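Visitor: Here is a sequence together with a model predicted from it:
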Amino acid sequence: MRAIRVASAALLTTAALALTTPTAVAGDENITSFGFRVTPSTVAAGGQVTLSVDGCEHAAKVTSGVFDDVTVPKGQKSATAHVFPDAKPGALYEVTFTCGPESGTTDLTIATGGGRQSPGTQTKGVKAGVGGSAGGFDAQHVAVGGVLIAGVLGTAYCWTRRRPDSGHS
């Protein structure tokens with residue numbers, strides 16, 4: 001009977017850990033030896049984006065269907081591009097960064113709404129994150145994961161704890 005309890009506790013613990021562990025994206029072929037990002041990752045048609053590369057030992061070429069090709073010169077970390085004014089609002093465009101023989105892609109979204117502005121009107125860029133590169137920890141998710149793991153471990157402990165048989169001498 002004890003073996004069944006231990007096996008059940010081990011199975012529950014494994015299941016809880018599997019459910020709280022981040023999973024890798026299957027088929028992610030966007031791994032490069034250099035880093036890249038588009039900032040902001042959402043921009044209005046006619047807006048400007050910064051194209052950044054890290055760790056590229058060559059001149060990096062950046063291409064997309066929403067702006068003219070841009071080259072980030074060797075030794076520099078970024079360049080700017082102007083999004084075509086006729087870019088379709090809500091559309092998602094692929095941006096390709098090429099450094100030597102390697103290429104990687106990320107997405108650029110064209111903002112929706114807002115309408116056309118009169119010439120000379122100042123606009124602020126969209127507040128964006130890190131443009132699709134690695135994110136950080138979310139404290140709420142970490143707390144929920146910790147509570148789940150603690151609950152499973154507590155349950156496993158209670159199930160595996162030896163209890164005296166009642167009614168037997």
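Guide: Sure, I can see it.

Visitor: okay, CA-based contacts and neighbour counts for the rest of this
Guide: OK.

Visitor: So which elements touch whichever strand or helix holds A156?
Guide: Per DSSP states H and E: A156 is located in helix 139-160. Contacts defined by 3 or more CA pairs under 8 Å, 6 or more residues apart in numbering; DSSP states H and E place helix 139-160 against helix 2-20.

Visitor: Which other helices and strands does the helix or strand following the helix it packs on contact?
Guide: Counting by DSSP H and E, the next helix or strand C-terminal to helix 2-20 is strand 35-39. The helices and strands touching strand 35-39, judged by 3+ CA pairs under 8 Å, 6+ apart, are strand 48-54, strand 102-110.

Visitor: what's the last one packed up against?
Guide: Under the contact criterion of 3+ CA pairs under 8 Å, 6+ apart, strand 102-110 touches strand 35-39, strand 42-43, strand 92-99.

Visitor: Ok, which of those strands comes nearest V66?
Guide: Closest to V66 of those is strand 92-99 (CA to CA; 6.7 Å).

Visitor: Contacts for the closest one next, please.
Guide: Strand 92-99 has contacts (CA atoms under 8 Å, 6 or more residues apart in numbering) with 34, 36, 56-66, 103-110.

Visitor: go again using 10 Å as the cut-off
Guide: Residues outside strand 92-99 that contact it (CA atoms under 10 Å, 6 or more residues apart in numbering): 32-38, 41-42, 51-53, 55-67, 69-72, 74, 87, 103-111.

Visitor: quick one: buried residues of that strand?
Guide: Residues of strand 92-99 classed as buried: 92-93, 95-99 (neighbour count, 16 or more other CA atoms under 10 Å).
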